[in-house]
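**Q** When you get a sec, could you give me coordinates for this:
(one chain, ligands or ions: 2)
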Amino acid sequence: MRYGIIGAGAMGYRYGVLLQEQAGVAVDFIETWDPNRKQVEEQGGVYVSRDHQHRHLVPIQIYTPEAYHGHPDVWIVFKKQMQLDAELERDAAADLFHPDQYVFSAMNGLGHFEKIARYFNPNQILAGTAMIATVLNGPGDVDFMGPERGEAMHMAPYNDQAPDETMEAIYADFQRATLGPEWSTNWLGMCLTKVAFNAVCNTLCTMFEINMGQFGSYPGAAAMAEQLFNEAHDAAARAGIKLLENRAQQVQSVLDSCVKLKYHYPSMYQDFSKGRPTEVDYINGYIARLGREHDYPCRTHEFVTHEVHLAEQMRSVKK
Ligand SMILES: NC(=O)C1=CN([C@@H]2O[C@H](COP(=O)(O)OP(=O)(O)OC[C@H]3O[C@@H](n4cnc5c(N)ncnc54)[C@H](OP(=O)(O)O)[C@@H]3O)[C@@H](O)[C@H]2O)C=CC1
Ligand SMILES: CC(C)(CO)C(=O)C(=O)O
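**A** Ligands and ions are numbered 1, 2, ... in the order given. Alright, predicted model coming up:
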């Protein structure tokens, strides 16, 4: 199958390069961020490292939406939540989307699948989550964090039905690409489980400008995680959403990830440290809203969402 990656950022490069190199499938990248696309064109590909080592150039094909005339079988979408509406609108205007195509996304947060479903048949959408840490050093330069074959991800049909033949073929390509896929049959529970995880790791590491190892080394890390997970799980239970892990498993998953990905600064930190807006409204903000809608105030998530916005705003006054 042929894949089209929408968003040649950290995760877009990770999926696209692994699919191209490990699974041996054709991959095209669509990028609206001009400096990134121009850098790739100039240097003849993207520089890829793993854990800061073995930096090498991987030739890739990259296009603006308007310059692309291919017809991939599957689109893989990796934009920041705030960028998605404008991206999909521009791609649709450039006539990139066709009724036979499938689409996969493992963006963090929630809210993206409703937007994607405006352009694709819901029976052809695959939801995903990725425990895959990646850093974009800058235009045309990406760092895959963590050991080879340490990648782990979940995927679920957006219609919560059994995967069809094309979805199984995508799964097989992801397996060959060493992305470590695992099926789930509950897309919303799967995504909310990852949202709850990111609401701890991404948010706390960002606020304190630390990496995951530094957060995990704090003796109170488990207690902080537990408080945030308790609220997320209480809100999910009231909304009738079944999560993939229980509270204790999620706390353990944070502690384990803080060891496995100890040098990783979560993607939210990467935005925060470069002066960009964060995805907090789609992560802690999503949980807070879910609680509000079900008459269960998630006081810590409400507060933490404000804290991140306050920190964002104060970047301009801090030396
Ligand atoms: N990175 C990770 O480890 C993981 C990320 N995710 C999720 O995947 C989705 C895509 O995230 P991700 O791939 O990390 O994000 P990207 O790497 O795509 O973010 C890059 C975007 O940031 C902006 N940018 C501007 N200047 C720079 C610069 N100097 N260096 C880097 N970026 C710059 C550009 O947008 P603009 O110019 O418009 O600001 C660019 O499109 C998100 O939902 C994220 O939460 C999920 C799992 C892991
Ligand atoms: C890598 C991981 C799983 C760590 O929180 C992530 O989702 C991110 O950095 O955004």
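**Q** Can you classify the residue sitting nearest the centre point of the chain by secondary structure?
**A** The residue lying closest to the centre of the chain (C-alpha atoms, centre = their mean) is Met107, at 3.0 Å. Counting by DSSP: H, G, I helix; E, B strand; the rest coil, the backbone at Met107 sits in coil.
**Q** Hmm, Val77 and it touching each other?
**A** Yes: Met107 lies in contact with Val77 (C-beta atoms under 8 Å); the separation is 6.9 Å. C-betas here are computed from N, CA, C, even on glycine.
**Q** From Lys194, how far off is Thr185?
**A** 16 Å (C-beta to C-beta, to the nearest Å).
**Q** for ligand 2, what are the nearby residues on the stretch 151-300 of the chain?
**A** Asn198, Cys201, Asn202, Leu261, His264, Pro266, Ser267 (C-beta under 6 Å from any ligand atom).
**Q** repeat that with 5 Å
**A** Within the stretch 151-300 of the chain, the positions near ligand 2 by C-beta under 5 Å from any ligand atom are Cys201, Pro266, Ser267.
**Q** Which of those are buried, as a PyMOL select command?
**A** In PyMOL syntax, the buried subset of these is picked out as below (16 or more other C-beta atoms under 10 Å):
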select buried, resi 201+266+267
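**Q** ok now do the residue of the stretch 101-250 of the chain at minimum distance from ligand 2, which residues does it touch?
**A** Residue nearest to ligand 2 within the stretch 101-250 of the chain: Ala133 (3.5 Å; C-beta to the nearest ligand atom). By C-beta atoms under 8 Å, 6 or more residues apart in numbering, the contact set of Ala133 is Met145, Gly146, Leu261, His264, Pro266.
**Q** Torsion angles phi and psi at it?
**A** phi -90, psi 130 (degrees, to the nearest 10).
**Q** And it, how close does it get to Arg50?
**A** For Ala133 relative to Arg50 (C-beta to C-beta), the value is 11 Å.
**Q** any shared contact partners between those two?
**A** Met145.
**Q** closest to Gln81 among the residues of the stretch 151-300 of the chain next to ligand 2?
**A** Set against Gln81, the nearest of these by C-beta to C-beta is Ser267 (10.9 Å).
**Q** Helices along the stretch 51-200 of the chain, start to end?
**A** 84-93, 112-116, 165-176, 187-207 (DSSP state H, counting those that start in this stretch).
**Q** I'd like the mean pLDDT over the longest one, please.
**A** For helix 187-207, the mean per-residue pLDDT is 98.
**Q** Let's see it as PDB, backbone CA atoms only.
**A** Taking C-alpha atoms only, helix 187-207 is exported to PDB below (Å, rounded to 0.1, in the frame of the first residue of the first chain):
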ATOM      1  CA  TRP A 187     -11.500   3.600  20.200                       C
ATOM      2  CA  LEU A 188     -12.700   6.300  22.700                       C
ATOM      3  CA  GLY A 189     -11.500   4.300  25.800                       C
ATOM      4  CA  MET A 190      -8.200   3.700  24.100                       C
ATOM      5  CA  CYS A 191      -7.700   7.400  23.300                       C
ATOM      6  CA  LEU A 192      -8.900   8.600  26.700                       C
ATOM      7  CA  THR A 193      -6.400   6.200  28.400                       C
ATOM      8  CA  LYS A 194      -3.600   8.000  26.500                       C
ATOM      9  CA  VAL A 195      -5.100  11.400  27.200                       C
ATOM     10  CA  ALA A 196      -5.100  10.600  31.000                       C
ATOM     11  CA  PHE A 197      -1.400   9.500  30.600                       C
ATOM     12  CA  ASN A 198      -0.400  12.600  28.800                       C
ATOM     13  CA  ALA A 199      -2.400  14.700  31.300                       C
ATOM     14  CA  VAL A 200       0.200  13.600  33.800                       C
ATOM     15  CA  CYS A 201       3.500  13.200  32.000                       C
ATOM     16  CA  ASN A 202       3.300  15.900  29.300                       C
ATOM     17  CA  THR A 203       1.700  18.500  31.500                       C
ATOM     18  CA  LEU A 204       3.800  18.100  34.700                       C
ATOM     19  CA  CYS A 205       7.100  17.900  32.700                       C
ATOM     20  CA  THR A 206       6.100  21.000  30.800                       C
ATOM     21  CA  MET A 207       5.200  23.100  33.800                       C
END
